[in-house]
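1. let's see this in three dimensions:
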Amino acid sequence: MIEFLCRPEVIIWILIILIYALSKFGFGVGYLSVNDIIRHHVNCFRNTNSKKLMIVPVVDYIVVPFMLGASAAVLKTIDSSIVNIITIIVSILTSMLFTLLAMIIDMKSKIRSDPNYYRVEAELSKQSLIETYYTVMFEILVAVILLILCLFNVFTSKFGFIQSFLIYSLTFLLIINLLMIIKRIFRVIDTDMKK
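-> I've put the predicted structure just below:
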């Protein structure tokens, strides 16, 4: 254990973690805080009337991707070719998600200014767009974490079960939440097309 802790890369990682912990807890710097993004995304799974967390969507959109990641990690340990493919796909999806953010903001402003929208339709569309915005922000966060993990694995060239589990799980989380985004955007556009 002492030999492992004295390795240069481990010392550097320990220093990085200490610097970020000191910045966050010692000086109150919150630039790297992602708590709001995660909290707002989880709030999308709350019942609008009772504000209780709905278990089935949480299982579908958060737990199932990690179960899929575990089964994929058991079947095949990740390697550099899989990491390269995931990195390319995630990079493309990340740029698409940033574009989608601009589109969501534009759609929300159009709904607010359009007098042809009925009040109920406008409220449903605005709520869908707000939830989509939070999910897109969460997706961008997952994509950044996934890219960091992939880069870490490429540089260390160590591929094991834990790395495989994390990379596969976050990839499935990204894909399954993309389906949620598509459904919500469809709902808003479908409402707009039918009026």
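
2. show me the domain layout of the chain.
-> 1-33, 47-194 (automatic domain parsing).

3. just these: most buried one?
-> Ranked by mean neighbour count, those are led by domain 47-194 with a mean of 15 (mean count of other C-beta atoms under 10 Å). (C-beta placed from N, C-alpha, C; glycine too.)

4. off-centre distance for it?
-> 5 Å (C-alpha atoms, centre = their mean, to the nearest Å).

5. what of stretch 22-37?
-> For stretch 22-37, the distance to the chain centre is 19 Å (C-alpha atoms, centre = their mean).

6. residues in contact with it?
-> For stretch 22-37, the surrounding residues in contact (C-beta atoms under 8 Å, 6 or more residues apart in numbering) are Tyr20, Tyr134, Met137, Phe138, Leu141.

7. where's the third one relative to Phe165, distance?
-> Right, the one you point to is Met137. 24 Å (C-beta to C-beta, to the nearest Å).

8. please, which helix or strand holds the residue nearest the centre of the chain?
-> Against the mean C-alpha coordinate of the chain, by C-alpha atoms, centre = their mean, the closest residue is Glu139 at 2.7 Å. If you go by DSSP states H and E, Glu139 is part of helix 119-156.

9. per-residue confidence at Asp114?
-> On pLDDT, Asp114 comes in at 66.

10. list the contacts of the lowest-mean-pLDDT helix or strand in the chain.
-> Least confident helix or strand, the chain: helix 2-5 with a mean of 72, by mean pLDDT, DSSP states H and E. With C-beta under 8 Å, 6+ apart as the test, helix 2-5 has contacts from Val10, Ile11, Ile14.

11. now do the host helix or strand of the first one against helix 119-156, angle only.
-> Of the helices and strands defined by DSSP H and E, Val10 is found in helix 8-21. Orientation of helix 8-21 against helix 119-156 (axes from the mean of the first three to the mean of the last three C-alpha atoms, to 10 degrees) gives an angle of 150 degrees.

12. A strand includes Thr48, no?
-> No - per DSSP: H, G, I helix; E, B strand; the rest coil, Thr48 lies outside any strand segment and is coil.

13. now do the phi/psi pair for it.
-> When read as degrees, to the nearest 10, the backbone of Thr48 gives phi -70, psi -30.

14. what's near enough to touch the closest residue to Ser91 other than its chain neighbours?
-> In this structure, Ser91 finds its nearest non-sequential neighbour in Leu147, 7.2 Å apart by C-beta to C-beta, 6 or more residues apart in numbering. Contacts for Leu147 (C-beta under 8 Å, 6+ apart) come out as Thr87, Val90, Ser91, Thr94.

15. list just the nearest of the contacts of stretch 22-37 to Lys110.
-> Of all the contacts of stretch 22-37, Lys110 sits closest to Tyr134, with 19.5 Å by C-beta to C-beta.

16. what helix or strand is the nearest residue to the closest one once chain neighbours are set aside on?
-> Nearest non-adjacent residue to Tyr134, counting by C-beta to C-beta, 6+ apart: His40, 4.2 Å away. Following DSSP H and E, one finds His40 within helix 35-43.
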